[in-house]
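**Q** mind folding the following:
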Amino acid sequence: MDVEIQQPREVGGSKVVKVDKDEAWELFTDQASKEGRAVVAHFGASWCVTSLSMNYKFEELAQTHPEILFLFVDVDDVQGVSSKLGVKAMPTFFLIKGKEVVKKIVGANPDEVRKMVDSSAESQATPPDIVIQ
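**A** As a prediction, the model looks like this:
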């Protein structure tokens, strides 16, 4: 399987990985699951103004939360995954842990996306309780 990893063209030095094929989605989500990393995915389109308006905020979150894998999925390029996850409007954001969707946000709501990312980061940073008896 030959998967080419591309960064979004809008931002130089981006921490957001652009997913350009269904196979790449599987590769990234499998790897994140094996590493115990959460995935935050932004499903959008190059022609969708509200989706494009979220790119800067999404990149900002990726810069401040390196423990989370941030993916951008163009619904026109990766139709299989978009369909499987029921993406009907752009932008749509998913929080995925262990290959399971934990939360879904539909629409350009930067505050809600930030809250979702922050809560995920906090839960990853919190070590499990150890009880010694």
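
**Q** now the helices for this structure?
**A** Taking DSSP state H as the criterion, the chain contains helices spanning 22-35, 49-53, 55-64, 79-84, 110-125.

**Q** to Lys15, which of these lies closest?
**A** Distance to Lys15, taken as Cβ to Cβ, is lowest for helix 55-64 among the helices of the chain, at 3.7 Å. (Each C-beta comes from the backbone N, C-alpha and C, glycine too.)

**Q** what helices and strands are in contact with the closest one?
**A** With contacts taken as 3 or more Cβ pairs under 8 Å, 6 or more residues apart in numbering; DSSP states H and E, helix 55-64 sits against strand 39-44, strand 69-74, helix 110-125.

**Q** most tightly packed of the ones you listed?
**A** A comparison of those by mean neighbour count, using mean count of other Cβ atoms under 10 Å, puts strand 39-44 on top with a mean of 26.

**Q** between the helices and strands packed on helix 55-64, which one is nearest to Phe94?
**A** The closest of these to Phe94 is strand 39-44. By Cβ to Cβ, the value is 4.6 Å.

**Q** before we move on, back to that, the helices of the chain: which one's closest to Gly98?
**A** The closest of the helices of the chain to Gly98 is helix 22-35. By Cβ to Cβ, the value is 5.3 Å.
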